[in-house]
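**Q** Predicted model and sequence follow; I will ask about them next.
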Amino acid sequence: MSTTIRPAPTRKRSISLAQEVMNDLATRIRAGQYQPGQKLPTEPELMAEQGVSRTVVREAMSRLQAAGLVETRHGVGTFALAPAAPMLDWTTVVTIRDVLAMLELRISLETEAAGLAAMRRTEAQLERIREAVAAFEEGVRKGERSIEADFQFHLQIALATHNRYFEDFYRHLGPATIPRTRLDTSKYSPEPGQNYLLRTNREHENILDAISRQDPQAASAAMRMHLTNSRERLRRASELSEQADAENK
């Protein structure tokens, strides 16, 4: 089967050429452009397609092998493998304890992400974060839960880190990172549901303000406070629920 040679892509200089080639091929494998068992282009074909040296192609293939996306059969070629199932699966997040565990993970990741976003964000990215805050507010005042706007707020911060692993984490998990997709978290707050969500957005605004001022310490602190507040509300609710269950036995 002949392989169509694509124009060599425009290169960024923030990561190595080998990583860029690896990212491009990994994306195509995950998207199904190369089916499991399908042979990838030869080294010379990839060199021409990507506009890189043989050394770069070999390094990219080595990284793809380490990622479990290809296998090389000596004397035959390199073949795509089925992408492994994701290690993280939020479809199992269904109880208060599950959501608490998820929030612990998010606190550790997003505290750092907010600080990086404050240092690295562009004006366009800042505007998208601002738009997400506004959309959240508008949705709540209409009586909605604003789950998509909430997700976009955190995703845009991940994008503003300019670190693709933060982006990958959020794009993979999607809106399932928002506890309200699993539990009605507002019922664990002493405030009416709308007031609870509006206060949540005030916390978003504090994060936005710090990122706007390019203050990484304040952005990290505001994100930690935001997610810790959610965790503590649920933790108290979990303790009260367990106590009630014990008394009813």
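**A** Yep, that arrived.

**Q** List the contacts of the spatially most central residue of the chain.
**A** Centroid check for the chain by CA atoms, centre = their mean gives Y170 as the closest residue, at 1.6 Å. Y170 is in contact with 151, 154-155, 158, 177, counting by CB atoms under 8 Å, 6 or more residues apart in numbering. (Each C-beta comes from the backbone N, C-alpha and C, glycine too.)

**Q** Quick one: residues contacting H204.
**A** Counting by CB under 8 Å, 6+ apart, H204 touches 132-133, 136, 153, 226.

**Q** Would you convert those into JSON lines that also reports neighbour count?
**A** Shown next, in JSON lines, are these (neighbours: other CB atoms under 10 Å):
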{"residue": "A132", "neighbour count": "24"}
{"residue": "V133", "neighbour count": "21"}
{"residue": "F136", "neighbour count": "26"}
{"residue": "F153", "neighbour count": "23"}
{"residue": "H226", "neighbour count": "22"}
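
**Q** Sitting in strands, which of those residues do you find?
**A** Using DSSP state E, no member of the contacts of H204 falls within strands.

**Q** any chance of those in TSV, with pLDDT and distance to L17 too?
**A** Formatted as TSV, the contacts of H204 follow (pLDDT from 0 to 100; distance: CB to CB, whole Å):
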residue	pLDDT	distance to L17
A132	95	34
V133	97	38
F136	96	40
F153	96	34
H226	95	39
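
**Q** From the residues you listed, pick the one nearest N195.
**A** Nearest to N195 among these is F136, at 14.1 Å by CB to CB.

**Q** Okay, buried residues for stretch 207-217 please.
**A** Within stretch 207-217, the residues scored as buried using 16 or more other CB atoms under 10 Å are 207-208, 210-212, 215-216.

**Q** now swap in stretch 43-53 and tell me
**A** Buried-residue list, stretch 43-53, by 16+ other CB under 10 Å: 46-47, 49-52.

**Q** from these, which two are the most distant?
**A** It's L46 and G51 that sit farthest apart of those, by CB to CB, at 9.9 Å.

**Q** what do these two both touch?
**A** Counting by CB under 8 Å, 6+ apart, L46 and G51 have no contacts in common.

**Q** surely I147 meets P175?
**A** Yes: here I147 reaches P175: they are 5.5 Å apart, a contact under CB atoms under 8 Å.

**Q** Buried residues, stretch 102-109. List them.
**A** Neighbour-count burial for stretch 102-109, counted by 16+ other CB under 10 Å, picks out 102-103, 106-107, 109.

**Q** any idea how far R58 lies from T78?
**A** According to CB to CB, to the nearest Å, R58 stands 10 Å off from T78.

**Q** So, low pLDDT: which residues of the protein?
**A** Along the chain, segments meeting pLDDT under 70 span 1-15, 84-94, 181-193, 237, 240-242, 244-245, 249.
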